[in-house]
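*Asks:* Sequence and predicted structure below; questions after.
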Amino acid sequence: MLKKAGTGLYERQKPSLLNWILNTIIVIICLVFIVEIVFNLYFTNIYVKGRSMMPTLTGAPVGANKSEILPGGDYVFVDTHRAPDYFDIVVVQTVDELGIHYDIIKRVIAFGGDTVKLDKGKLYIKYAGDDAFTEINEAYISEAYNDANDLKNTYEEHVIEEGCMFLLGDNRNDSADSRERGDFPLEDLVGVVPDWSIKNKGWITALYTFFEFTLGLNKLNYKTYGD
């Protein structure tokens, strides 16, 4: 009788399937929470606005009220701990004529000591220490966004200041970049958009669009212009 009672007590103390499922769910939630914390230490998400990075990145329309967030832009992640390299897409902080700080997204073309020029849409770089220009094959550029007859796409030789970057939008026809604003200091860098984020922008955009515009949860850390 005692043995039978002991066995029954043991059986009652065995974890049930429901307990196992609940414990598993708790563990998964904790792991996701930890991964998100670590991920957010290195990456932040941004929303692209404006046309300057087309066709690589689609920007949402910019309304009369620039602070208004309209649907239609791509979402990507930015590595806030990575140093930029040639032809990386980066986010930098800049300031407008009213002294208001905001972020823009552009592509790094050259660094301090390099010399750049544009001739009817074709990009040439004379890297620091070189004696001659190298014509750059910009596979990310589309003819539809790089009109050879647009005066903006011919740019005289310019030597980039030390500690700075020369930034251009992929949409050379419609981008306020280093051709107008001059060189951007490296200290104003927010981060680099990694290649994996660009390659996976489809599902990243679908996910954040659902949260931001469908559910209205305002999940983004901050927004950026692509002007």
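*Replies:* Arrived safely, thanks for sending. Residues are numbered from 1 along each chain as shown.
*Asks:* From here on, just use CA atoms for contacts and neighbour counts.
*Replies:* Noted.
*Asks:* Tell me which stretches of the protein form strands.
*Replies:* 43-49, 75-79, 89-95, 101-111, 115-119, 122-126, 134-136, 155-159, 164-168, 184-185, 189-193, 224-225 (DSSP state E).
*Asks:* mind checking which of those is nearest residue 201?
*Replies:* Of all the strands of the chain, it is strand 75-79 that lies closest to residue 201, at 6.0 Å by CA to CA.
*Asks:* hey, which helix is longest across this structure?
*Replies:* For the chain, the longest helix by residue count, based on DSSP state H, is helix 17-42.
*Asks:* Compute the distance from the centre of that helix to the centre of its chain.
*Replies:* Taking CA atoms, centre = their mean, to the nearest Å, the mean C-alpha location of helix 17-42 is offset from the chain mean by 27 Å.
*Asks:* May I see the buried residues of it?
*Replies:* Judged by neighbour count (16 or more other CA atoms under 10 Å), helix 17-42 contains no buried residues.
*Asks:* Run through this structure and note the low-pLDDT ranges.
*Replies:* Within the chain, the stretches with pLDDT under 70 are 1-15, 32-33, 35-36, 38-40, 63-68, 214-227.
*Asks:* still on that earlier bit, mind putting the strands of the chain in CSV, mean neighbour count included?
*Replies:* Formatted as CSV, the strands of the chain follow (neighbours: other CA atoms under 10 Å):
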stretch, mean neighbour count
strand 43-49, 23
strand 75-79, 24
strand 89-95, 20
strand 101-111, 22
strand 115-119, 20
strand 122-126, 19
strand 134-136, 12
strand 155-159, 16
strand 164-168, 24
strand 184-185, 20
strand 189-193, 23
strand 224-225, 21
